[in-house]
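Enquirer: Test case, fold it:
(one chain, ligands or ions: 3)
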Amino acid sequence: MWKVVRFAASRSRRFSTAIPGPCKVHKRGTDILHDPWFNKDTGFPITERDRLGLRGLLPPRVISFENQYDRFMDSYRSLEKNTRCQSDKFVSLSKWRILNRLHDRNETLYYRVLIRNIKEFAPIIYTPTVGLVCENYSGLFRRPRGMYFSAKDKGEMMSMIYNWPSDEVDMIVLTDGSRILGLGDLGVQGIGIPIGKLDMYVAAAGINPRKILPVMLDVGTNNEKLLKDPLYLGVRQPRLEGEEYLSIVDEFMEAVHARWPKAIVQFEDFQMKWAFETLNRYRQRFCMFNDDIQGTAGVALAGLLGAIRSQGRPLSDFLKQKIVVVGAGSAGLGVLKMAAQAVSRMSGGSGTATTANSPFFLIDKDGLVTTERSNLDPAAVPFAKNPRDLEGLTEGASIIEVVKKVKPHVLLGLSGVGGVFDTEVLKAMRESASTKPAIFAMSNPTVNAECTAIEAFSHAGKNIVFASGSPFDNVDLGNEVGHVNQANNMYLFPGVGLGTLLSGARHITDEMLRAAAECLASYMTDEEVQKGILFPSIDCIRNVTAEVGAAVIGAAVAENQAEGHGEVGLRELANMSKEDTVEYVRSNMWLPEYCPLVHEK
Ligand SMILES: NC(=O)C1=CN([C@@H]2O[C@H](COP(=O)(O)OP(=O)(O)OC[C@H]3O[C@@H](n4cnc5c(N)ncnc54)[C@H](O)[C@@H]3O)[C@@H](O)[C@H]2O)C=CC1
Ligand SMILES: CC(=O)C(=O)O
Ligand SMILES: [Mg+2]
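Expert: Ligands and ions are numbered 1, 2, ... in the order given. The predicted structure is shown next:
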């Protein structure tokens, strides 16, 4: 009892974010106005203008933060009105541009706008528009954001890392641009993804935007169109391979670790071979995870468990669910591995992924994956079916053949191929063994989704549960609503990152990821799940992240991975109740407020 009270008192003293503390600034005058972190535009109070040499550099009237917010939203609404007759692509890029200009000018206002309107703006700064932005990045480029390490920087990274202006970095999102969403190799243009993911970290997890770092590892591109494009901004050479490639990633990881030993590195949108290789290579040495393999797996597992609950069945029925996964890449295999571990635990095993007689079916671009496949990727081996167990299905069977034969409870797409769940496949799902067949079209961006929400409900039936990686509107089914869930790793990675940071864990273990997934799986009530609502609305993403982050801390403590963070030591973490832990996470979330600026030479 005493401990809880003491914690509550010290928490309110240490973590209160209601009144922002002063912020030291080493600049004066126009240098402040041109620094998006310190800039308040017309919001600088008169006394601050005097102190910082700003008097006369701004129009005289001081505008409040709230009025600045209203002014931005008014101009955003005007843009919406004025672009009504334009193409979707034009409108999306215009919206991204207006937000990006604000991001470049005034970060505090940008994040207030983003956080307050996350449901509306996530599709612009994240999937699907971020995909369009990456495709057009060289033309859209105005100001740099984040860091770029290229094949030409070998031997220089240890000093280059010190060019970043902040001494504190908590969260890094790293890509090599080799598999950007379902859009393939976009080379240096893939930087939009780390930027978008880190915006989600700020919005969902309240990571302080001064402590984030988006990074592009430009090791070349194999995209011929980009190599020929005179505007392309990346290194114009084919991608490095083998040891040459790994030596660049090694050098980058060593440099990060030397400058910010506690920083967490999220690997994002690496092509499959490097996604698995780098995860195995670094996860015991650095604090890192691969979002596409591990974050996606947790979100999908939460969805799979939700699909069972939606049928009114106990979770133990997971053992009997027939699941067809279309896409044997980093995401699809990550999902199967986590699902197989869950099956093993539920059957009283150790949680080791094994698929002997498992009800999982894996399909890639060459059809059903079996042990007869030549050149089978090692990561896919545990999920290859023995043709002897297949009763009629053979190596390379098509999606429709598999669905018709297996009658799966769940059809889950992570193929990156738009429309691959065609009318015939969706109609075949009407024969599913489930009373509420689940169709998860998880590929991004929207054009790469395996099917749309309307297609799924119209062809597979009103009784399905549906989820997609990019957002779709709910579907009007006459006298009921076809709920669309967004099954996107954005519900997990912010909590995994923040929980790891606040626990001070040195590594991110499978148990920490499992705790995150189970927390998300239990977030929705039975009533919601039975209506087909498997995932929360993005409006409450900070709440979800607080819960997931607390679950990650709990697992880190239980596994002796936690070392504490700042003034909160391991003992204090270990003594927190679940509610205290959630509160601890919540109170560490950064809020966008103008802080008083104090000049220091
Ligand atoms: N919703 C979410 O949170 C996430 C969605 N994704 C999406 O998943 C997709 C795949 O990502 P990765 O696994 O990393 O890509 P990947 O390139 O590693 O794997 C793609 C897989 O799809 C298979 N495939 C290609 N064409 C196919 C076809 N016609 N039929 C069946 N299979 C086919 C390929 O053989 C390969 O196994 C991307 O669109 C990505 O945006 C990835 C991570 C998270
Ligand atoms: C969401 C995500 O990480 C992807 O589509 O790659
Ligand atoms: Mg990704």
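
Enquirer: Would you mind giving me the confidence score for the residue in the stretch 401-550 of the chain that ligand 1 sits nearest to?
Expert: The stretch 401-550 of the chain approaches ligand 1 most closely through Gly469 (2.9 Å), counting by C-beta to the nearest ligand atom. Placement of C-beta: from N, CA and C, glycine included. The per-residue pLDDT reported for Gly469 equals 98.

Enquirer: Go ahead and confirm it touches Val484.
Expert: No: between Gly469 and Val484 there is no contact under C-beta atoms under 8 Å: 11.4 Å.

Enquirer: quick one, which of these two is more surrounded?
Expert: Using other C-beta atoms under 10 Å as the criterion, Gly469 and Val484 rank with Gly469 on top: 29 against 23.

Enquirer: Report the contact partners of that one.
Expert: Thr127, Ala441, Met442, Ser443, Asn444, Ala449, Gln486, Ala487, Asn488 (C-beta atoms under 8 Å, 6 or more residues apart in numbering).

Enquirer: What are the phi and psi values at the spatially most central residue of the chain?
Expert: Nearest to the geometric centre of the chain sits Met490, at 3.7 Å (C-alpha atoms, centre = their mean). Dihedral angles of Met490 (phi, psi; degrees, to the nearest 10) stand at phi -60, psi -20.

Enquirer: quick one: it and Gly469, what's the gap?
Expert: Using C-beta to C-beta, to the nearest Å, Met490 is found at 10 Å from Gly469.

Enquirer: Next to ligand 1, which bits of the stretch 401-550 of the chain? Give me the list.
Expert: 414-417, 420, 442-444, 448, 469, 487-489 (C-beta under 6 Å from any ligand atom).

Enquirer: Hmm, the residue nearest to the centre of the chain is touching Asp199, no?
Expert: No: contact criterion C-beta under 8 Å: Met490 and Asp199 do not qualify, at 10.4 Å.

Enquirer: hey, what's in contact with both of these two?
Expert: With C-beta under 8 Å, 6+ apart as the test, Met490 and Asp199 both reach Tyr126.

Enquirer: of the contacts of Gly469, closest to Asp170?
Expert: Using C-beta to C-beta, Asn488 is the member of the contacts of Gly469 that sits closest to Asp170, with 22.2 Å.

Enquirer: and that closest one, how many residues sit next to it?
Expert: 24.

Enquirer: For the residues of the stretch 401-550 of the chain next to ligand 1, work out which two are farthest apart.
Expert: The widest separation within these (C-beta to C-beta) is 20.4 Å, between Val420 and Asn489.

Enquirer: So for these two, which residue has more residues nearby?
Expert: Remark: of Val420 and Asn489, Asn489 carries more neighbours, 26 against 20, as counted by other C-beta under 10 Å.

Enquirer: my guess is the more buried one meets Gly295, correct?
Expert: Yes: if you go by C-beta under 8 Å, Asn489 and Gly295 touch, sitting 3.6 Å apart.

Enquirer: what does the average pLDDT come to for stretch 404-420?
Expert: 98.

Enquirer: longest strand in this structure, by residue count?
Expert: strand 212-218 (DSSP state E).

Enquirer: Direction included, what does it pair against?
Expert: Based on DSSP bridges, the pairing partners of strand 212-218 within the sheet are strand 147-150 (parallel), strand 171-175 (parallel).

Enquirer: What are the contacting residues of that strand?
Expert: 145-151, 164, 166, 169-177, 187-188, 190-191, 194-195, 197-198, 201-202, 234-235, 248-249, 252, 263.

Enquirer: Would you mind naming what in this protein lies close to ligand 1?
Expert: Near ligand 1, when you scan the chain using C-beta under 6 Å from any ligand atom, you find 179, 181-182, 272, 292, 296, 299, 326-332, 363-365, 414-417, 420, 442-444, 448, 469, 487-489.

Enquirer: Of the residues you listed, keep whichever come out buried.
Expert: Neighbour counting over the residues of the chain next to ligand 1 (16 or more other C-beta atoms under 10 Å) leaves 179, 181-182, 272, 292, 296, 299, 326-332, 363-364, 414-417, 420, 442-444, 448, 469, 487-489 as the buried ones.

Enquirer: helix, strand or coil for Leu498?
Expert: Three-state assignment for Leu498 (DSSP: H, G, I helix; E, B strand; the rest coil): helix.

Enquirer: among the contacts of Gly469, which are in reach of ligand 2?
Expert: Okay, of these touching ligand 2 (C-beta under 6 Å from any ligand atom), that's Thr127, Asn444, Asn488.

Enquirer: now the stretch 301-450 of the chain, which segments are flagged as low pLDDT?
Expert: Low-confidence segments of the stretch 301-450 of the chain, defined by pLDDT under 70, are located at 350-357.

Enquirer: Could you find the residue in it that comes nearest to ligand 2?
Expert: Asn444 (3.7 Å).

Enquirer: Do a quick rundown of the helices in the stretch 351-500 of the chain.
Expert: In the stretch 351-500 of the chain, the helices defined using DSSP state H, counting those that start in this stretch lie at 399-406, 423-428, 453-460, 493-503.

Enquirer: Leu534 is nearest to which of those helices?
Expert: helix 453-460 (13.5 Å).

Enquirer: Counting by contacts, list what that closest one packs against.
Expert: With contacts taken as 3 or more C-beta pairs under 8 Å, 6 or more residues apart in numbering; DSSP states H and E, helix 453-460 sits against helix 423-428, strand 438-441, strand 465-468, strand 475-476.

Enquirer: So what's the gap between it and the chain middle?
Expert: 26 Å (C-alpha atoms, centre = their mean, to the nearest Å).

Enquirer: So which residues make contact with that helix?
Expert: 421, 423, 426-427, 429-430, 437, 439, 441, 464, 466, 468, 472-475, 477, 482, 484.

Enquirer: Give me the nearest residue to the closest residue to ligand 1 within the stretch 301-450 of the chain, chain neighbours excluded.
Expert: Ligand 1 sits closest to Gly329 of the stretch 301-450 of the chain, with a gap of 1.8 Å, by C-beta to the nearest ligand atom. The shortest distance from Gly329 to any residue other than its chain neighbours is 4.8 Å, reached at Met272 (C-beta to C-beta, 6 or more residues apart in numbering).

Enquirer: Please tell me how far the one you found sits from ligand 2.
Expert: Going from Met272 to ligand 2 by C-beta to the nearest ligand atom, to the nearest Å gives 12 Å.

Enquirer: For that residue, grab phi and psi.
Expert: Dihedral pair for Met272: phi -50, psi -50, per degrees, to the nearest 10.

Enquirer: what's near enough to touch it?
Expert: With C-beta under 8 Å, 6+ apart, Met272 has these contacts: Arg179, Gly329, Ser330, Leu333, Asp377, Ala379.

Enquirer: Could you do Ser316 as well?
Expert: Contacts of Ser316 (C-beta under 8 Å, 6+ apart): Met346.

Enquirer: which SS class is it?
Expert: Ser316 ends up helix, using three-state DSSP.

Enquirer: quick revisit: of all the strands paired with strand 212-218, which one comes closest to ligand 3?
Expert: With C-beta to the ion, the closest approach to ligand 3 among the strands paired with strand 212-218 belongs to strand 171-175: 8.2 Å.

Enquirer: Show me what the next helix or strand along the chain from that closest one is packed against.
Expert: Scanning forward in sequence from strand 171-175 by DSSP states H and E, the next helix or strand is helix 192-200. Where contact means 3+ C-beta pairs under 8 Å, 6+ apart, helix 192-200 is packed against helix 118-125, helix 129-135, strand 171-175, strand 212-218, helix 493-503.

Enquirer: now with 7 Å?
Expert: helix 129-135, strand 171-175, strand 212-218 (3 or more C-beta pairs under 7 Å, 6 or more residues apart in numbering; DSSP states H and E).

Enquirer: can I get the ones you listed in JSON lines with mean pLDDT, distance to ligand 2 and mean neighbour count?
Expert: Shown next, in JSON lines, are the helices and strands packed on helix 192-200 (pLDDT from 0 to 100; distance: least, C-beta to the nearest ligand atom, whole Å; neighbours: other C-beta atoms under 10 Å):
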{"stretch": "helix 129-135", "mean pLDDT": "98", "distance to ligand 2": "9", "mean neighbour count": "24"}
{"stretch": "strand 171-175", "mean pLDDT": "99", "distance to ligand 2": "10", "mean neighbour count": "27"}
{"stretch": "strand 212-218", "mean pLDDT": "98", "distance to ligand 2": "14", "mean neighbour count": "24"}
